[in-house]
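*Asks:* sharing a model prediction with you, sequence too.
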Amino acid sequence: MTDKKKLVVLTHGGAGSNPAYADGTAIAGQMGMMALQTGEPTIDAACQAVATLEDDGRFNAGIGSHKRVDGSVQMDASCMDSSGTFGAVATLEGFRNPVNVARIISQSEYKILAGRGANEFATNQDCQILSPDQIVGSGTDFSTTDTVGCVLRSGDEFAAALSTGGIDNAIPGRVGDVPLIGCGLYAGPAGAVAATGDGEAIAMQVTALRAYQLIEQGVDPKAIVPTVISWFKESTAFGIIVVSKIGFAGGANRGMAWTASELH
Ligand code: GLY
């Protein structure tokens, strides 16, 4: 395989996730890597990795999603690739893999769907249902975990995907950074970025786009990660994974399960 087809996959279980659960992010990364090896589009590979994390139950996404203050579970997800494909879903209820809904939206005439319309869209697309008894997230000891994500590279192509149950005990309808392009994630011809943490703070910093601009300037991801973390107060949970043509890196101002793998 030439360097042009270098494969890199990074996955994270969220700022505040237990680093001991890196076995889960590693399995998700393997799913993404296998998808790349079989020639699937980068955005599908990223979504498969994130869907694996949604199915883990130890992270705040999919079946591990935390409850809103009224007891409801509302989930956000997004995906993007370096060709400019983007899709996102917000406050989705009752579906197992919101990232798959975001991916279908990315192939539609829309970019972001929320609430009742998103639920109707997912129903019409026969997306897999999540029944209340399948949700294991709330009531666990993972109350600070936030958002799962993936960034990956296949040669000159990049993609990113995210999914979250949102912040614990938020009011229904609250939306964080995840479905906002350039906030929770960004991918372009120079690389891909996926953030995790306090969604309001991440959105106000336009974090992922600004991190991507550092990639465009040729900054090494190993320098980008601490720089971007320094934009946030210590008391604000934040983490990030980054991949570019130069390299890759990840980190957080909390514990964070995350893994990276590469194939040449
Ligand atoms: N970072 C996920 C959220 O704040 O909803």
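*Replies:* Nice, I can see it.
*Asks:* near residue 173, how many other residues are there?
*Replies:* 12 (other CB atoms under 10 Å). Heads up, the C-betas are built off the backbone N, CA and C, glycines and all.
*Asks:* that one touches residue 91, doesn't it?
*Replies:* Yes - contact criterion CB atoms under 8 Å: residue 173 and residue 91 qualify, at 6.1 Å.
*Asks:* what touches both of the two?
*Replies:* Taking CB atoms under 8 Å, 6 or more residues apart in numbering as the contact criterion, the common neighbours of residue 173 and residue 91 are 74, 115.
*Asks:* what helix or strand is the nearest residue to residue 220 once chain neighbours are set aside located in?
*Replies:* Nearest residue to residue 220, sequence neighbours excluded (CB to CB, 6 or more residues apart in numbering): residue 246, at 5.3 Å. Using DSSP states H and E, residue 246 sits in no helix or strand.
*Asks:* cool, residue 162 as well?
*Replies:* strand 157-164.
*Asks:* now residue 239
*Replies:* Residue 239 belongs to strand 238-244, assigned by DSSP H and E.
*Asks:* report the angle between that strand and strand 157-164.
*Replies:* 160 degrees (axes from the mean of the first three to the mean of the last three CA atoms, to 10 degrees).
*Asks:* could you list the paired strands of strand 238-244 along with their orientation?
*Replies:* If you go by DSSP bridges, strand 238-244 pairs up with strand 191-197 (antiparallel), strand 248-252 (antiparallel).
*Asks:* residue 57: which of those strands is closest?
*Replies:* strand 191-197 (17.5 Å; CB to CB).
*Asks:* how far is the following helix or strand past the closest one from where the chain is centred?
*Replies:* Counting by DSSP H and E, the next helix or strand C-terminal to strand 191-197 is helix 199-204. With CA atoms, centre = their mean, to the nearest Å as the basis, helix 199-204 stands 15 Å off its chain's centre.
*Asks:* ok so, going back, so what does the strand holding residue 162 touch, helix or strand wise?
*Replies:* helix 42-54, strand 75-81, helix 98-106, strand 148-154, strand 185-188, strand 191-197 (3 or more CB pairs under 8 Å, 6 or more residues apart in numbering; DSSP states H and E).
*Asks:* what is the longest helix seen in the chain packed up against?
*Replies:* Using DSSP state H, we find that the single longest helix of the chain is helix 22-37. Applying 3+ CB pairs under 8 Å, 6+ apart, we find helix 22-37 packed against strand 7-12, helix 42-54, strand 148-154, strand 258-263.
*Asks:* and if we set it to 10 Å?
*Replies:* strand 7-12, helix 42-54, strand 148-154, strand 157-164, strand 258-263 (3 or more CB pairs under 10 Å, 6 or more residues apart in numbering; DSSP states H and E).
*Asks:* give me the number of residues near residue 116?
*Replies:* 10.
*Asks:* quick check: the nearest residue to residue 238 once chain neighbours are set aside vs residue 205, distance?
*Replies:* The shortest distance from residue 238 to any non-neighbouring residue, by CB to CB, 6+ apart, is to residue 197 (3.7 Å). Per CB to CB, to the nearest Å, residue 197 is found 10 Å from residue 205.
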